[in-house]
Each structure stands twice: as structure tokens, then as C-alpha cells.
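Asker: The amino acid sequence is not available; the structure is as follows:
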């Protein structure tokens, strides 16, 4: 919880978070979950409704009585979600206009490789010209600290405050998130593991390994914004894919004891036998670790979009209770 929020703002945030986690809740259910009175819940709901149309309500018939329930209106606002992705050795941009749930209204792939901030801003300005989103969220390969890109696979972006640059150009609040972090967060949310420890390993075709870490529903970025920058590890980049995965997974399991490790291997196309080799080797090397789960079946692009949209939605919900 952000200690800078007032008690009322914290309660407003709790209510919005609960409505985001559940499909619908009544005032009584919200009171039971928060420990607040129904009168307080109704006052807080009125405050949220006075600020935005982010909450909608419905009525359910239960045992002959009509119960009023509240839901997040995911169509109340829109997100401009931009993914920087590796396609055929080139860094391309994919833009989605989505609702707050991440359901895409349309999708556009850039026609040329993105090699400069000028190209990127031009692409974004074109995409938002007819349908201006309420917030922009950008996923990128690399690391950032205080908005500045510490490392980037697009060299021209390194050292730039990307979120501020895009915000200045578009006039829209912008958030940037590492690609592996976003996909790991998206998967952890989908698999109900975000309150635990979840780690994602993303193996692109040609770029370096990306690692995302989620602990207790928080993305771990590190003191320098460099958490998960595998290029600085002691594991050799010359290893074959199977041994590389084994060594990274072994280190992660022994250091973090995670509940879940998602291994995105669509680009390197492991066989079933290779996956089984990885699982059995880790069991032999780490016999005392019993409760982690390896997931080789997640789709990186799907989780990437889910994660970015979720983070964008959370930013919007927080803005509502602060403003």
C-alpha cells in the first residue's frame, strides 16, 4: 500500500482493486472483505462515481430479493498499448487500442523497423490520431530507472526518458514496462500466482534472454532498474538452449524458491524430449525443492498484452482515487 495515500484514498483503492479482482460484488460483500461498514462502503462508492463512470451496477435476484452488485466498467476508458517486439531480426512496433481489460479494438504492426525515437513517436502519433486513448503503456526490451532507459535493444532509445518523451509528444500520460516483466506479470495474474513468487524467462530468436520477476503482486525492478538483465550473469551465452535454461532455472529456484517459472520458448521451439530433459535434470540437481511449477505452454505475446493492459488499468484506477 502506498503510504502517501490518505486513509480515504487507501479505502477507495482497496474497493477498486477488489472489484477488479472479482467479477462483481455487493456492498455487503465489499464490507465483509474490507471490514468497513456498509454505510462507509456506499459513501466510498458514491465518491468513485462522482469522479468517473468506472463502476457500473446491476441487480441479481436471490431468494426472491433483488441484490445490487457493483462491477468495473472496463469500457469506460481506453488504453493505447504498444509492444516493441523482435520479428525476423528486426525491432518492430505493435500498437493495440484496448479497453481496460486488454480486449483489442484494433491492432497495427509498424511497416518498418523501429530504429529511432523519431520513428517511434511518428508511429504512435499516427495510431492515436483518430482514437485517442486515456493512457499509453509501452513494453520494451531493456531496463529503465526513473523513466530513463538504462539498456535498450534499440540503441537510439538508450539514455532517453521514454515515458516523458512520449507524453510530451502526445499529451497522454505514458508508462513504460520491460517486456519480460510485463509478460510475467500477465501470466502470473492469469494463473492466480501474482501474490506468490513468479518468474518468467523469455528466449527471443536473436536478442538476449529476458527475465521478469513478480513477488507479492509487485514487479521487481531493482536499485538500478536492472533486475533480470541476464547479460550480466556468469552463465555463458555459448551454451545450447537446453543447458542455458537449466542453469538459469536452477539459479532462480535456488535463490528465490518461486512458486512458478514460466519459460517462453516459442521462438527456439524446444521438443517434448528437451522439455522433459530440463524438468528431470532440475529434479536431480535440486531434490529438496518440491513446490515450484515449470510452465512451458504460455504464449509470450498474449501474456505481454495482458500484462501491459493490467498495469495500464491499475495506473488509471489509481489516478481516479488520487485526482
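Answerer: Nice, thanks for sending it over. Just so it is clear, the structure is predicted and the values come from calculations on it, not from any experiment.
Asker: Any stretches of the stretch 101-250 of the chain with poor pLDDT?
Answerer: 206 (pLDDT under 70).
Asker: Tell me which stretches of it form helices.
Answerer: In the stretch 101-250 of the chain, the segments counted as helices under DSSP state H, counting those that start in this stretch are 117-128, 162-170, 179-190, 241-256.
Asker: now, of these, which is deepest in the fold?
Answerer: Scoring the helices of the stretch 101-250 of the chain by mean neighbour count under mean count of other Cβ atoms under 10 Å gives helix 179-190 as the most buried, with a mean of 27. Glycine gets a C-beta too; all of them are placed from N, C-alpha and C.
Asker: Can you point out the buried residues in stretch 34-49?
Answerer: By neighbour count with 16 or more other Cβ atoms under 10 Å, stretch 34-49 contains the buried residues 36, 40-41, 44-45, 47-48.
Asker: what about it, distance to the chain center?
Answerer: Put simply, stretch 34-49 sits 29 Å off its chain's centre (Cα atoms, centre = their mean, to the nearest Å).
Asker: likewise stretch 16-27?
Answerer: 20 Å.
Asker: List the buried residues of that stretch.
Answerer: Buried residues in stretch 16-27, counting neighbours by 16+ other Cβ under 10 Å, are found at 16, 18-20, 24-27.
Asker: what do you get for stretch 81-99?
Answerer: So, applying 16+ other Cβ under 10 Å, buried residues of stretch 81-99: 81-86, 91-99.
Asker: Need the worst-confidence member of those residues.
Answerer: Lowest pLDDT within the buried residues of stretch 81-99 is found at residue 86 (86).
Asker: residues contacting that one?
Answerer: When contacts are counted by Cβ atoms under 8 Å, 6 or more residues apart in numbering, residue 86 is found next to 92, 141, 153, 204-207, 267.
Asker: Show the buried residues in those residues.
Answerer: Neighbour-count burial within the contacts of residue 86 applies to 92, 141, 153, 204, 207; the criterion is 16+ other Cβ under 10 Å.
Asker: about what we covered before: please narrow the buried residues of stretch 81-99 to those residing in helices.
Answerer: Secondary structure assignment by DSSP state H places none of the buried residues of stretch 81-99 in helices.
Asker: tell me the average confidence for stretch 280-289?
Answerer: Throughout stretch 280-289, pLDDT has a mean value of 97.
Asker: Roughly how far does residue 283 sit from residue 290?
Answerer: For residue 283, the distance to residue 290 equals 9 Å [Cβ to Cβ, to the nearest Å].
Asker: So between those two, which is more surrounded?
Answerer: Summary of the neighbour comparison: residue 283 and residue 290, criterion other Cβ atoms under 10 Å, with residue 283 having more neighbours (11 against 7).
Asker: Okay, buried residues for stretch 152-159 please.
Answerer: Using 16+ other Cβ under 10 Å as the test for burial, stretch 152-159 gives 152-154, 157.
Asker: Quick one: residues contacting residue 323.
Answerer: Residues in contact with residue 323, defined by Cβ under 8 Å, 6+ apart, are residue 51.
Asker: Let me see the confidence value for it.
Answerer: Reported pLDDT at residue 323 in the predicted model: 80.
Asker: got the contact list for the residue nearest to residue 110 when sequence neighbours are not counted?
Answerer: Among residues not flanking residue 110 along the chain, residue 93 sits closest, at 4.1 Å (Cβ to Cβ, 6 or more residues apart in numbering). Remark: with contacts taken as Cβ under 8 Å, 6+ apart, residue 93 is in contact with 82-85, 109-110, 114, 120, 123.
Asker: how does it look with 10 Å?
Answerer: Neighbouring residues of residue 93 by Cβ atoms under 10 Å, 6 or more residues apart in numbering: 82-85, 87, 108-114, 119-120, 123-124, 127, 138, 140, 154.
Asker: Ok, residue 317 next?
Answerer: Applying Cβ under 10 Å, 6+ apart, one finds that residue 317 lies in contact with 12-13, 15-17, 19-20, 48, 52, 54, 72, 77, 100.
Asker: what would the residues you listed look like in JSON lines with secondary structure?
Answerer: Listed next are the contacts of residue 317 as JSON lines, based on DSSP: H, G, I helix; E, B strand; the rest coil:
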{"residue": "12", "secondary structure": "helix"}
{"residue": "13", "secondary structure": "helix"}
{"residue": "15", "secondary structure": "helix"}
{"residue": "16", "secondary structure": "helix"}
{"residue": "17", "secondary structure": "helix"}
{"residue": "19", "secondary structure": "helix"}
{"residue": "20", "secondary structure": "helix"}
{"residue": "48", "secondary structure": "helix"}
{"residue": "52", "secondary structure": "coil"}
{"residue": "54", "secondary structure": "coil"}
{"residue": "72", "secondary structure": "strand"}
{"residue": "77", "secondary structure": "coil"}
{"residue": "100", "secondary structure": "coil"}
